[in-house]
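In: coordinates for the following, if possible.
(chains A and B)
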Amino acid sequence: MRNPQLNADGGLTHLLTLEGLPADVIRQILDTAIPFTSIAMRDVKKVPLLRGKAVFNLFFENSTRTRTTFEIAAKRLSADVINLNIGASSTSKGETLLDTVDNLVAMNADMFVVRHAQSGAPHLIAAHLNRTGRNHVHVVNAGDGRHAHPTQGLLDLFTIRHYKRDFRNLTVAIVGDVLHSRVARSLIHGLTTVGTPEVRAIGPQTLLPTALQALGVRVFNDMREGLKGCDVIVMLRLQSERMRGALLPSAGEFFKHYGLTPDKLAMAKPDAIVMHPGPMNRGVEIDSAVADGERSVILPQVTFGIAVRMAVLSIVAGN
Amino acid sequence: MKIEIRNGRLIDPKHGIDRTATLFVAAGKVAAIGEAPAGWNANRTIDAAGLVVGPGLIDLSARLREPGFEYKATLESEMEAAVAGGVTSLACPPDTDPPLDEPGLVEMLKHRARSLNKAHVYPVGALSMGLRGEALTEMGELAEAGCVAFSHADQPLADTQLLYRAMQYAATFGYRVWLRPQDAHIGKGGVAHDGEVATRLGLPAVPASAETIALATIIALARETGVRVHLCRLSTADGVAMMRAAKKDGLAVTCDVAAHHLHLCDVDIGWFNAQCHLVPPLRGTRDRAALCAGLADGTIDLVCSDHTPVDDDGKQVPFGESEPGATGLELLLPLTLKWAAGEKVALPAALARITAQPAAILGLDAGHLAVGQAADVCIFDPAAHWVVEPQALRSQGKNTPFLGLEVPGRVRYTLVSGQIVFEH
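Out: Numbering: from 1, shown residues only, chains lettered A, B, ... in the order given. Predicted structure coming up:
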């Protein structure tokens, strides 16, 4: 089955998921992001790469943080950005997702940045555009259900590469609610693609998907065991709904077993870095001492995120 | 009308007939096989050279979408589809709108179907009022109106006490109960099999245990009540094993598999193809293999299409929001032939699973071609292949995972009660 993200020449025309992306496409994106990190330092934080292009932020799920970083990234590339507040718009009047997309394409959108609560929504949109002969319109997935958050996965890879240089020597642990996490899935695909030898998932059985081993992940239920020898620790956010779904008894008990505290952190390598996609729940998955400590690279992740998204938008628009 | 069907390969699985012979039809019945009756003068002669002449197919589950869902399909379109697929008798599940829990609705449906003069329709009554799982339906009234069995369609039946009572009540009067084994709680909200594919795609999942737990409950209650129970749409390898053990134990249980589950598994979902959103979900390759083998060795008694027309609005949406189901009446024969080729099952045995076996579950004297029998006949070309395309389907439901694929088996003529209702 042809990868719907690549055009006939193997160029990235949509970014829907990191799964199935060739390693050199991933590396190309990371390398392209490097010069974009310095743009933030300049007085005039703009390059004309996407001048005249219309980027529509199609967010069916609330997100200030991701939408803002995409907006900043697109504007730094000189694109015109239109934000669509979908809750208040036609879908609440019963318009289907594809009808909404068709209407916006009729308004000459060049690119959709899509976030949706349903896994597969960006794939549906991309397939629809390809099938109806509109392959000049690009789709970038800003997070779909539990499935994928490819730009987050890429900025996580960028961050890890920035601090640790070579993926091929690393042990990376992802901790928390992997079952519901698109961030975790994208990171797992990204890490395994670029050759990370050991990817671990740490959590209670209720929060780990059944077939994780099939994705190349080593599963741990004991956090101290799982953190031994880790170079990178990625903490995932725990949503309050998990307590209501009988997946966990309480936030307190979760913190006891799976919260990242200084003494649990001591199990990892002395120079291990701590990451978090944000927003953080202090005292639930991460102790403030660690979040604000010297091993935390949580804030640099945000800065790198803008550069990585600029790289993604410019590469996809160019294909 | 006197019809003579000559030179065909006459296959009647129930009576062990498999030879070239002429079939003589008169006054709506099978008049003779082989030799013409005295004074025979055919009004119509069909040359069935190269074709198979067999009993009309019997489909144990086909949603006709009436009453209530006429925008998805109507009796007119679906009965056309049925006879185009060689199906001369079908049973329809009670999950219409309103559900088939009152005799008036059942009578109306039967009347509508009869007036169309195509396939025979056997409604399956609801086991509980409104399919809400709270109160029993008037099974006696419904049976009198024409219900051949009672089921809960795909609605969860969480109250095991109610299930027990329903089975006891049905057993009292000899009514058949058809149940799809699915636990009401485990896997609730799931849309795909709990395995590698659901993990990769981030889809809410239904574990195999949702089926096996329900199966264990139903088997235990069947043992206690002695009710004749038929398990619908098996999907797991463990489920097949449990049925094998129950039958070996001497329990009078039967089961079926939907044709799609013999050929597809969760991997076929690909990049969220909503045509593969089915209930029960498509499971793993090991499950598919067990279903194919189970149908071959008789653990699974028959195949049905589980025909479920869904309009475009129901499928052109994200996978988790899409309506489950696939169109199937016109694919029942091809998918059964494909399965038989794969499992190296001979044609008569394969046809038994869509004729004599379903008839037995329905308790009907049908699905065979004895002299004096109603002439429900399916004449098809087993070697002809055709491509599954929307234009090729008469059903209003064009929702199929087999779009663009070539399948074997082309129906050429279908007769119901001695009348030619379809010709190709």
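In: how many neighbours does residue 98 have?
Out: In the absence of a named chain, chain A is used. By other CB atoms under 10 Å in any protein chain shown, 18 other residues sit near A:L98. Quick note: C-beta positions are derived from backbone N, CA and C, even for glycine.
In: let's do chain B instead
Out: Using other CB under 10 Å as the criterion, B:P98 is surrounded by 13 other residues.
In: give me the element A:I160 is part of.
Out: Here A:I160 sits within helix A:150-164, counting by DSSP states H and E.
In: any idea how far that helix is from the chain center?
Out: In this view, helix A:150-164 has its centroid 9 Å away from the chain centroid, taken as CA atoms, centre = their mean, to the nearest Å.
In: tell me which other helices or strands that helix touches.
Out: Helices and strands touching helix A:150-164, by 3 or more CB pairs under 8 Å, 6 or more residues apart in numbering or on different chains; DSSP states H and E, are helix A:23-39, strand A:138-144, helix A:182-193, strand A:232-235, strand A:273-275, helix A:298-317.
In: to chain B, which of the ones you listed lies closest?
Out: With CB to the nearest CB as the measure, helix A:182-193 is the member of these nearest chain B (6.0 Å).
In: ok and that closest one relative to strand A:138-144, angle-wise?
Out: 120 degrees (axes from the mean of the first three to the mean of the last three CA atoms, to 10 degrees).
In: what is helix A:182-193 packed up against?
Out: helix A:23-39, helix A:150-164, strand A:171-175, strand A:198-202.
In: and that helix, C-alpha only, in CSV?
Out: C-alpha atoms of helix A:182-193 as CSV (Å, rounded to 0.1, in the frame of the first residue of the first chain):
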residue,chain,number,x,y,z
ARG,A,182,-0.5,10.1,20.5
VAL,A,183,2.7,11.7,21.6
ALA,A,184,4.0,8.3,22.8
ARG,A,185,3.0,6.5,19.6
SER,A,186,4.7,9.1,17.4
LEU,A,187,7.8,9.1,19.5
ILE,A,188,8.0,5.3,19.5
HIS,A,189,7.8,5.2,15.7
GLY,A,190,10.3,8.0,15.4
LEU,A,191,12.9,6.5,17.8
THR,A,192,12.7,3.1,16.3
THR,A,193,13.0,4.5,12.8
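In: picking that back up, which other residues reach the helix holding A:I160?
Out: A:15-18, A:26, A:29-30, A:33, A:66, A:70, A:140-143, A:167, A:170, A:172, A:182-183, A:186-187, A:189-191, A:194, A:231-232, A:234, A:273, A:275, A:277, A:297, A:300-301, A:304-305, A:307-309, A:312 (CB atoms under 8 Å, 6 or more residues apart in numbering or on different chains).
In: first-to-last residue distance for stretch B:183-200?
Out: Using CA to CA, to the nearest Å, the end-to-end distance of stretch B:183-200 comes out at 24 Å.
In: with stretch B:396-415 instead?
Out: One end of stretch B:396-415 sits 22 Å from the other (CA to CA).
In: just stretch B:279-286 next, same as before
Out: End-to-end distance for stretch B:279-286, by CA to CA: 18 Å.
In: and that stretch, what's its mean pLDDT?
Out: Taken as a whole, stretch B:279-286 has an average pLDDT of 98.
In: in the helix holding A:I160, what's buried?
Out: Neighbour counts over helix A:150-164 (16 or more other CB atoms under 10 Å in any protein chain shown) mark A:150-162, A:164 as buried.
In: next, the angle from that helix to strand A:138-144.
Out: 80 degrees.
In: got the CA coordinates for helix A:150-164 in PDB?
Out: The C-alpha coordinates for helix A:150-164 follow below in PDB (Å, rounded to 0.1, in the frame of the first residue of the first chain):
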ATOM      1  CA  PRO A 150       4.100  13.700  14.300                       C
ATOM      2  CA  THR A 151       5.400  17.300  14.900                       C
ATOM      3  CA  GLN A 152       5.600  16.600  18.600                       C
ATOM      4  CA  GLY A 153       7.500  13.300  17.900                       C
ATOM      5  CA  LEU A 154       9.900  15.300  15.600                       C
ATOM      6  CA  LEU A 155      10.600  18.000  18.100                       C
ATOM      7  CA  ASP A 156      11.200  15.400  20.700                       C
ATOM      8  CA  LEU A 157      13.700  13.700  18.400                       C
ATOM      9  CA  PHE A 158      15.300  17.100  17.700                       C
ATOM     10  CA  THR A 159      15.600  17.800  21.400                       C
ATOM     11  CA  ILE A 160      17.200  14.400  22.100                       C
ATOM     12  CA  ARG A 161      19.600  14.800  19.200                       C
ATOM     13  CA  HIS A 162      20.500  18.300  20.400                       C
ATOM     14  CA  TYR A 163      21.600  17.000  23.800                       C
ATOM     15  CA  LYS A 164      22.600  13.400  23.100                       C
END
